[in-house]
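Trainee: Provided below are the primary sequence and the corresponding predicted coordinates.
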Protein chains: 2
Amino acid sequence: MLKTGILGGGQLGRMLLQAAANYPVETFVLENDDECPAAHLCHHFTKGDIKNFDSVYNFGKGLDAITIEIENVNVEALEKLEAEGVKIYPRPSVLKIIKNKIRQKEYYCQHRIPTADFIITNKLEDLNQQEKFLPAVHKLGEGGYDGRGVQLIKSKEDLARGFDVPAVLEKMITIQKEIAQMVAVNEKGDTALYPPVEMLFDPVLNLLDYQLCPAELSTQTLYKVEAIAMAVVKNFQSPGIFAVEMFVDKSGDVFVNETAPRVHNSGHHSIEAHYSSQFDMLWRIMLDYPLGNTDAILPSIMVNIIGTEGYSGPVKYEGLDEVLKIENAFVHLYGKKETRPGRKMGHVTIISKEKQDLLHKSNKVKRILQAKT
Amino acid sequence: MLKTGILGGGQLGRMLLQAAANYPVETFVLENDDECPAAHLCHHFTKGDIKNFDSVYNFGKGLDAITIEIENVNVEALEKLEAEGVKIYPRPSVLKIIKNKIRQKEYYCQHRIPTADFIITNKLEDLNQQEKFLPAVHKLGEGGYDGRGVQLIKSKEDLARGFDVPAVLEKMITIQKEIAQMVAVNEKGDTALYPPVEMLFDPVLNLLDYQLCPAELSTQTLYKVEAIAMAVVKNFQSPGIFAVEMFVDKSGDVFVNETAPRVHNSGHHSIEAHYSSQFDMLWRIMLDYPLGNTDAILPSIMVNIIGTEGYSGPVKYEGLDEVLKIENAFVHLYGKKETRPGRKMGHVTIISKEKQDLLHKSNKVKRILQAKT
């Protein structure tokens, strides 16, 4: 059995391990918290820091393959492991580009991939000189995740909220739609595209609110989305699964926002709504099986269950019974013991032929299901 | 989090634990083999004998709920645990009836549930006097499983192949169809019926060959199947999930063959083909959530992957790549290291609107996918 390690033990690891149990594979997880969502679902759990060279290197020695749950891992250890023959999904060279937003923007420019105009700021002082560039979004070079490390800088008054470390100041685009396109790439370079999804965000927490699949796009925009996502992924020259997040503006132009070189929140609906889920697909890639079928079984909508504002502590779910009664809803709770405002506690996928049915039920879920204490 | 134990760590436990990871539940498994398919997917694994009173009792003390993967467990320990407040799914009183085929047949008679005529034989000598009752099937009272403990006694010459211990001699029915009906029952006694499935068996190994969902039945026969299954389950007065296996003869009469008071091979297709799978459903029952939706998303067919005749030892799958390329097929391999003839190594579910597509693809799977060494 292939020995495969996952760096990180959150919900992505959890769902990867649920899918792993369909195949003969021996699983390993490295994570600091031995009560994390994925800890009990692997064959071998190692407590350790995914950002530390020695932890990652010692974890990875003797494994056949490694994948990640988050970009913020020790890339140097992965490079050494790769040199020693361990397969890394995605390749460390990709992680180096992705985990630093400055390098990521430079990558898009280098490969002529459309992305919002930007300026690199090394300290707050640099930012203060960019009043004319506003409104813009200030993004931390390294270490941002899930809404942390991103600041809206609409006007001069907001400048002080920027980052005093290397960061990207990105011109704000008048977004008509936000799209995520998942792409799977195997060792041979064969690719498979999932139907793109359309995302709506909570403007306060900058967390995904719900996502519709397939996205409603004109044929022309769909082609652009697919072509751009393919360009992003092909140039990485790495097997793996990738979520390319894009903006579509009012004139139908498409800009890459950022790329996640891993299983991603925007692919959760694929567990029930697609023949091969993003998790299934990554195992197929790592096990050198044929790529799966990315077609939708039915259209779907996905709602994140995030910790309700004002509640921190041991979680109690309000409205869970009512949501579990919804006929075509699939509930995933990640088994996190503690909730805090904005924390991803689970998600609900709804599948249906009717868009109205999807919207109605997802609104119901959002309204009634609360992670409180 | 509810502490829930599973007696047995085979593929049913494995798939139960895959489904458990959608909900907040702490899982425990008792099984003699610490490399069994379910061992690594629970929070707490205990190595021990599910047939031994002390192992089961010590495992169950302190748990909130227990379910089973196989009937052949220590029922006395479960009775003591039940008396001490642990919820058992199904209740030990049901297990007592089911695990002994003689008691099971008597139960059907007592509740006027149609079942094939039978004679109880205590030793081989009793059987030898039943020449006139042939052709018949001789079933071991206790301990039979998956084709073990069942003998066809077609004529006088076969009598010596019977069991020399308490057993049931069941008159052979001219079977037109073999049906399995899954029924879910919660604590309040609410029930949910899955669409019945139609099964075809390998006549040599007496193992399930493939199963089609929904079964093709006249409306009248469907009503009979549902009513009989409900009568079987309601009289148990126990929450849980139940698979009632039935024969339909040429005149459309329905007879109960046997009942499994647990998740069952005949419900595997429900993972992908139904809104709430049998595994999801059992967690809903144990967690006191609302019953799930038993509707089919699409019709389906399920093929068991059984160890190819003539091969014993570390398994290698032949044809796996070709099967993984089939567009609407879902492959489940149970992670068993060794194959032997007839051993259940995995299953493949195919979903499609078209019956012809299901049949064509399932035949392809059966032909090309082999568990060899």
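Mentor: Nice, thanks for sending it over.
Trainee: Could you use CA atoms for every contact and neighbour count after this?
Mentor: OK.
Trainee: okay, how far is it across stretch A:328-348, tip to tip?
Mentor: Taking C-alpha to C-alpha, to the nearest Å, stretch A:328-348 runs 10 Å from one end to the other.
Trainee: Show me which positions of it end up buried.
Mentor: Buried residues in stretch A:328-348, defined by neighbour count with 16 or more other C-alpha atoms under 10 Å in any protein chain shown: A:328-336, A:338-348.
Trainee: do the same with stretch A:225-238
Mentor: Residues A:225-226, A:228-230, A:232-234, A:236, A:238 are the ones in stretch A:225-238 that count as buried (16+ other C-alpha under 10 Å).
Trainee: Likewise for stretch A:359-373?
Mentor: A:359, A:361-362, A:365-366, A:369-373.
Trainee: Out of the residues you listed, list just those in helices.
Mentor: A:359, A:361-362, A:365-366 (DSSP state H).
Trainee: Count the neighbours of the residue lying closest to residue A:74 once chain neighbours are set aside for me.
Mentor: Leaving aside its sequence neighbours, residue A:74 sits nearest to residue A:51 (C-alpha to C-alpha, 6 or more residues apart in numbering or on different chains; 4.5 Å). Residues lying near residue A:51 (other C-alpha atoms under 10 Å in any protein chain shown) number 18.
Trainee: what's the spacing between the closest residue to residue A:267 other than its chain neighbours and chain B?
Mentor: Sequence neighbours aside, residue A:278 is the residue nearest to residue A:267 in space, at 6.0 Å (criterion: C-alpha to C-alpha, 6+ apart). Remark: distance between residue A:278 and chain B (C-alpha to the nearest C-alpha, to the nearest Å) = 14 Å.
Trainee: if I read this right, residue A:278 contacts residue A:270, doesn't it?
Mentor: Yes: using C-alpha atoms under 8 Å, residue A:278 is in contact with residue A:270, at 6.2 Å.
Trainee: Which residue of the two possesses the greater neighbour count?
Mentor: Taking other C-alpha under 10 Å, residue A:278 and residue A:270 do not tie; residue A:278 has more neighbours (31 against 24).
Trainee: who touches the more buried one in this structure?
Mentor: A:241, A:263, A:267-268, A:270-271 (C-alpha atoms under 8 Å, 6 or more residues apart in numbering or on different chains).
Trainee: Ramachandran coordinates for it?
Mentor: Residue A:278 adopts backbone torsions of phi -60, psi -30, taken as degrees, to the nearest 10.
Trainee: Then residue A:7?
Mentor: phi -90, psi 110.
Trainee: What is the burial count for it?
Mentor: Count around residue A:7 with other C-alpha under 10 Å applied: 27.
Trainee: same thing with the one 4 residues further on?
Mentor: Counted with other C-alpha under 10 Å, residues neighbouring residue A:11 total 23.
Trainee: Can you give me the distance of it to residue A:344?
Mentor: Separation of residue A:11 from residue A:344 (C-alpha to C-alpha): 9 Å.
Trainee: rewinding a little: now tabulate the ones in helices among the buried residues of stretch A:359-373 in CSV and tack on pLDDT and distance to chain B.
Mentor: Below are these laid out as CSV (pLDDT from 0 to 100; distance: C-alpha to the nearest C-alpha, whole Å):
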residue, pLDDT, distance to chain B
A:359, 88, 18
A:361, 92, 15
A:362, 92, 16
A:365, 94, 15
A:366, 90, 18
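Trainee: Nearest to residue B:86, out of those residues: which one, please.
Mentor: residue A:365 (32.7 Å; C-alpha to C-alpha).
Trainee: Give me the nearest residue to that closest one, chain neighbours excluded.
Mentor: That would be residue A:323: by C-alpha to C-alpha, 6+ apart, it lies 6.1 Å from residue A:365.
Trainee: The longest helix seen in chain A packs against which elements?
Mentor: Secondary structure of chain A per DSSP H: the longest helix is helix A:219-234. If contacts are counted by 3 or more C-alpha pairs under 8 Å, 6 or more residues apart in numbering or on different chains; DSSP states H and E, helix A:219-234 sits against strand A:175-185, strand A:240-249, strand A:254-260.
Trainee: quick one: is the longest one near chain B?
Mentor: Same thing as strand A:175-185. No: judged by C-alpha under 8 Å from any C-alpha of the partner chain, strand A:175-185 makes no contact with chain B; its nearest approach is 14.9 Å.
Trainee: Kindly provide the whole-number mean pLDDT of that strand.
Mentor: Mean per-residue pLDDT for strand A:175-185: 95.
Trainee: Need the nearest residue in space to the residue of the stretch 201-350 of chain A found nearest chain B, chain neighbours excluded.
Mentor: Going by C-alpha to the nearest C-alpha, chain B is nearest to residue A:332 of the stretch 201-350 of chain A, at 4.3 Å. In space, and not counting its chain neighbours, residue A:332 is closest to residue B:22: 4.3 Å by C-alpha to C-alpha, 6+ apart.
Trainee: OK, contacts around the one you found?
Mentor: Taking C-alpha under 8 Å, 6+ apart, we find residue B:22 in contact with A:331-335.
Trainee: likewise residue A:290?
Mentor: Residue A:290 makes contact with A:284, B:321, B:324-325, according to C-alpha under 8 Å, 6+ apart.
Trainee: Return the subset of those lying in strands.
Mentor: Using DSSP state E, no member of the contacts of residue A:290 falls in strands.
Trainee: Tell me the buried residues within these.
Mentor: Neighbour counting with 16+ other C-alpha under 10 Å marks A:284, B:324 as buried within the contacts of residue A:290.
Trainee: Of the contacts of residue A:290, which is the nearest to residue B:254?
Mentor: Of all these, residue B:254 sits closest to residue B:324, with 37.5 Å by C-alpha to C-alpha.
Trainee: can you tell me which residues contact the residue nearest the centre of chain A?
Mentor: Centroid-nearest residue in chain A, with C-alpha atoms, centre = their mean: residue A:264, separated by 3.1 Å. Contacts for residue A:264 (C-alpha under 8 Å, 6+ apart) come out as A:12, A:242-243.
Trainee: In ChimeraX, select just the buried ones from these.
Mentor: The ChimeraX command for the buried members of the contacts of residue A:264 (criterion: 16+ other C-alpha under 10 Å) is given here:
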select /A:12,242,243
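Trainee: how about the residues of the stretch 201-350 of chain A near chain B?
Mentor: Counting by C-alpha under 8 Å from any C-alpha, the residues of the stretch 201-350 of chain A close to chain B are A:272, A:275, A:289-293, A:321, A:324-325, A:327-336.
Trainee: surely residue A:136 meets residue A:171?
Mentor: Yes: with contact defined as C-alpha under 8 Å, residue A:136 counts as touching residue A:171 (4.4 Å).
Trainee: contacting residues for residue A:16?
Mentor: Residue A:16 neighbours (C-alpha under 8 Å, 6+ apart): A:279-280.
Trainee: For it, identify the helix or strand it belongs to.
Mentor: Here residue A:16 sits within helix A:11-20, counting by DSSP states H and E.
Trainee: repeat for residue A:58
Mentor: Per DSSP H and E: helix A:53-60 holds residue A:58.
Trainee: after that helix, next one along is what?
Mentor: Immediately after helix A:53-60, counting by DSSP H and E, sits strand A:65-68.
Trainee: Report all helices and strands that the following helix or strand past that following strand contacts.
Mentor: Next along the chain after strand A:65-68, taking DSSP H and E as the criterion, comes helix A:75-83. Here helix A:75-83 touches helix A:53-60, helix A:92-98, going by 3+ C-alpha pairs under 8 Å, 6+ apart.
Trainee: Could you pull up the mean pLDDT of the shortest one?
Mentor: Helix A:92-98 comes out with an average pLDDT of 97.
Trainee: returning to that earlier point: contact partners for the residue nearest to residue A:74?
Mentor: A:72-74.
Trainee: Quick check: it is in a strand.
Mentor: No: counting by DSSP: H, G, I helix; E, B strand; the rest coil, residue A:51 is not part of a strand but coil.
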